[in-house]
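Undergrad: Can you look at this prediction? I've put the sequence above it.
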Amino acid sequence: MTDGAHFPGRLAIQQRVLPDYRARFFDLLAPACGKGLYICAGLPRPQESIAVTDSTRAAQYAYVRNIHLFSGPLYLCWQPGLTRWLADCDPEVLILEANPRYLSTGAAVRWMKRRRRPVLGWGLGAPDSAFLRRSGKWGLRQRSAFLRQFDGLITYSQKGASEFAALGFPAEKIFIAPNAATPRPTWPEPRRPDHLDGKTNVLFVGRLQARKRVDLLLRACAAQPEGLQPRLVIVGDGPERESLQVLARTIYPAAEFPGAKHGAELAACFAAADLFVLPGTGGLAVQEAMAYGLPVIMGQGDGTNADLVRETNGWQIPPDDLESLTKTLGAALADVAGLRKRGRESHRIVEEEINLEKMVEVFVGAVNAAKMTTNEKRTLTKNVRAGKRIKKRIDKR
């Protein structure tokens, strides 16, 4: 349990699905909840390729059925067993995914409000979607009304907080919990020489699938001047591995594909690298790379990494932009001292600012604040009612 983070009650958290990586956070959060942490989630659609788990070590997990409706921009999800789950675990505070596409949210909020218990929303933010642009002021009013049912909001980034505030949600009730995937590093920052004897080591770690755009990384390495071309190590496995190896043999035969690595073997890969590159979207390995003191080049995604990868420790580039990746990679490879400086900042960020322990602290703080506000409202209501009764008695006299 993280030091000083404690909620004395029973907390419940709804998820559409429970990804493998998220279980680690919930197991760290559970000991901070005095009466237990309860999680419910369903299964993703087959085409989503999300690695999920159906168990946690410390939190109480329950399966609820997901009914997926439509697809693309019209996608909706209904969890018909959500209120039954609430009745079973009887939480004092509930955290729901703050996504208007989830049709069970309203019923869950009403279940809690009838019992005068607070509900927090948890989500990316409120990005400018095509639906909102088409629906104009009506769409904005609907989204604002959806958010107003929550007693507070937890978001992944400052960008998400700004989007919620722009829709009129009170800024003092918005809590930023960066989307951490790794705990605070317990090891010192690896020391790397300021001058290289050989080639710069560039590392990619992740599932080899199309959206990771490893093909762009191969092309960007091949486009560098011969003296700057790095040793490229691509760690991972997946459906694109064979086609990437064929491409590498054609344009960058020096690329290495050691397969998936875990534990000490993966740690050795991070320790041996000079730069971590994730050209596509998503990638939990970014934080682990930073924990080993690596600067990062990554593609811009949904904003969850906006506070993680900064100018001081790396570069965020437009997705699917080979020219930008090639230029940024070249500038990074040409400045070893700059790489080392950014790597030290990466280690500091995950040690002091963005890690699972900090994420737990923010969640516990948000839950306690919501609980306190609800208790204050309850006390105020009681006092107002008592005052009205006293006034009636006085008037009768």
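TA: Received it, and whenever you're ready, just let me know what you need. A quick note: this is a predicted structure, and the numbers were derived from the prediction, not measured.

Undergrad: Please count neighbours and contacts with C-alpha atoms only from this point.
TA: OK.

Undergrad: my guess is residue 70 meets residue 76, correct?
TA: Yes. Contact between residue 70 and residue 76 holds when scored by Cα atoms under 8 Å: they sit 6.5 Å apart.

Undergrad: quick one, which of the two is more surrounded?
TA: Each of residue 70 and residue 76 has its neighbours counted (other Cα atoms under 10 Å); residue 76 has more, 16 against 9.

Undergrad: Just list the residues touching the more buried one, thanks.
TA: Residue 76 makes contact with 68, 69, 70, 101, 102, 103, according to Cα atoms under 8 Å, 6 or more residues apart in numbering.

Undergrad: Please list the members of the residues you listed that lie in strands.
TA: Taking DSSP state E as the definition of strands, the contacts of residue 76 contribute 68, 69.

Undergrad: ok, of the contacts of residue 76, which come out buried?
TA: Those of the contacts of residue 76 that meet the buried threshold are residue 102, by 16 or more other Cα atoms under 10 Å.

Undergrad: Please tabulate the contacts of residue 76 in TSV, including the columns pLDDT and distance to residue 315.
TA: Output for those, formatted as TSV (pLDDT from 0 to 100; distance: Cα to Cα, whole Å):
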residue	pLDDT	distance to residue 315
68	98	37
69	97	38
70	96	37
101	94	33
102	97	34
103	97	38
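
Undergrad: From the contacts of residue 76, pick the one nearest residue 61.
TA: Distance to residue 61, by Cα to Cα, is smallest for residue 102 among the contacts of residue 76, at 19.6 Å.

Undergrad: who does the closest one bridge with?
TA: With DSSP bridges as the criterion, the beta-bridge partners of residue 102 are residue 77.

Undergrad: Any figure for the gap between it and residue 284?
TA: From residue 102 across to residue 284, the span is 25 Å (Cα to Cα, to the nearest Å).

Undergrad: Identify all contacting residues around the helix or strand hosting residue 161.
TA: Under the criterion of DSSP states H and E, residue 161 resides in helix 158-166. Helix 158-166 is contacted by residues 123-127, 155, 171, 174-176, 303, 306-307 when judged by Cα under 8 Å, 6+ apart.

Undergrad: Can you list which of those residues are found in strands?
TA: Per DSSP E, the contacts of helix 158-166 map to strands at 123, 155, 174, 175, 176.

Undergrad: residues in contact with the last one?
TA: Read that as residue 176. Shown in contact with residue 176 (Cα under 8 Å, 6+ apart): 154, 155, 156, 157, 158, 161, 362.

Undergrad: give me that answer again for 10 Å
TA: 122, 153-161, 359, 362-363, 366 (Cα atoms under 10 Å, 6 or more residues apart in numbering).
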